[in-house]
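>>> Sequence first, then the predicted structure:
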Amino acid sequence: RLEDRPAGTLWNLEDPAVMLKEMAEKAAKDKEAQIGKLEKQLVARIKELEKVKNSMVLPKDLFRTDEFKEWDETGVPTTMANGDSVSGGQLKKKKKAIAKQEKTYKDLMEKSGNDPQGLLDSTQKEVDGIKKKLDNLSL
């Protein structure tokens, strides 16, 4: 082992077992840091993937569920499945949610160049790649 001193460099004899142990500890620490970094990337990419999936829903189809029976031309539900009309407060909330979804959908189309499926596929590949790297490091 080399030691730098004001008078010059000095060679110190060390036990090889101690040096090997230090090298193994450093490698384990580096591997752990790399795994932590990859896990953070994975969480971020999974969030991005979910955001893309949620953004792909057409605004007019946002509330096309079994919970409602009738909708207006913009997709706002007007009648509940049991036949009751949707209350004014709920109607306002649904319109607001559709407006938000329209903005999100428009942003997705701009971001993906009108190819949201391509963006979804590429994000999924990134997630799969990070998972593969994590599996390789964990072994």
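That came in fine, so what should we check first? Numbers count the residues shown, from 1 in each chain.
>>> For the rest of this, base every contact and every neighbour count on C-alpha atoms.
OK.
>>> May I ask you to name the longest helix in the chain?
Taking DSSP state H as the criterion, the chain has its longest helix at helix 16-55.
>>> just checking, next helix/strand downstream of that one?
strand 68-71 (DSSP states H and E).
>>> Contacts made by that following strand with the rest, please.
Applying CA atoms under 8 Å, 6 or more residues apart in numbering, the contact partners of strand 68-71 are 64, 77, 78, 79, 80, 81, 82, 83.
>>> with the residues you listed in mind, which one is nearest to residue 121?
Each of the contacts of strand 68-71 was checked against residue 121 using CA to CA; the closest is residue 64, at 25.2 Å.
>>> Quick check: the gap between the closest residue to the closest one other than its chain neighbours and residue 52.
Nearest residue to residue 64, sequence neighbours excluded (CA to CA, 6 or more residues apart in numbering): residue 75, at 7.4 Å. To residue 52, residue 75 is 21 Å away according to CA to CA, to the nearest Å.
>>> Report the buried residues of the longest helix of the chain.
By 16 or more other CA atoms under 10 Å, the buried positions in helix 16-55 come out as 35, 38, 39, 41, 42, 45, 46, 48, 49, 52, 55.
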